[in-house]
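Enquirer: Can you look at this prediction? I've put the sequence above it.
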Amino acid sequence: MNDLNQVMIIGRLTRDAELKYTAGGFAIASFSIAVNRRRKNGEQWVDEVSYFDVSLFGKSAENLNQYLIKGKQVGIQGELRQDRWEQDGQTRSKVFIVASNVQLLGGNSGGSTGMMQSSGGGYSQNRSQQTYQQRPSNPPQQQANDYDAGQSYGGDSDFPEEIPF
């Protein structure tokens, strides 16, 4: 049995994305998102913020970089990775998200709205829906987690009557 490493998260960018290129010309966009949650502390509700670093690679990084600005709400689908290194004789590590799908959800402080989506593989644009989606680089192996950007998830109507387990 294989292990599972998938994360889906919605938050707001804490800073503009930073686009860099490797020596071979491969694009890497790095950014951070803040995810808010409310919890009850005694009689009061308090906001608790978690911060996550995200890396986006290739054409997705190049094409979405201009839209990944501070305050923008995004949906991220990807996997967790852990970097390990040694510094001053001590082993260090950092966990971050490698995005396979980035969806621009809401407006930001600049008032920009709309929905754009990018996921691994070749790049295509659907102008009628203003949705940016990448085609898998190996189409016969279509990922099972691809979904329609316009589809609503939530409520009982999204699940079949019988659960097959």
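Expert: Looks like it came in fine. Numbers count the residues shown, from 1 in each chain.
Enquirer: Going by C-alpha atoms from here, please, whenever you check contacts or count neighbours.
Expert: Fine.
Enquirer: How much space separates residue 65 from residue 15?
Expert: According to C-alpha to C-alpha, to the nearest Å, residue 65 and residue 15 sit 12 Å apart.
Enquirer: Those two - which one has more neighbours?
Expert: For residue 65 versus residue 15, the count of surrounding residues by other C-alpha atoms under 10 Å is larger for residue 65: 19 against 16.
Enquirer: ok, the more buried one - contacts?
Expert: Applying C-alpha atoms under 8 Å, 6 or more residues apart in numbering, we find residue 65 in contact with 17-19, 29.
Enquirer: Just those: which are in strands?
Expert: 18-19, 29 (DSSP state E).
Enquirer: what would the residues you listed look like in TSV with pLDDT, neighbour count and distance to residue 80?
Expert: Shown next, in TSV, are the ones in strands among the contacts of residue 65 (pLDDT from 0 to 100; neighbours: other C-alpha atoms under 10 Å; distance: C-alpha to C-alpha, whole Å):
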residue	pLDDT	neighbour count	distance to residue 80
18	95	16	20
19	95	18	20
29	95	22	16
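Enquirer: Low-confidence regions, the protein specifically.
Expert: 107-165 (pLDDT under 70).
Enquirer: who touches the host helix or strand of residue 47?
Expert: For residue 47, the host element (DSSP states H and E) is strand 44-57. With contacts defined as C-alpha under 8 Å, 6+ apart, strand 44-57 is touched by 26-40, 96-100.
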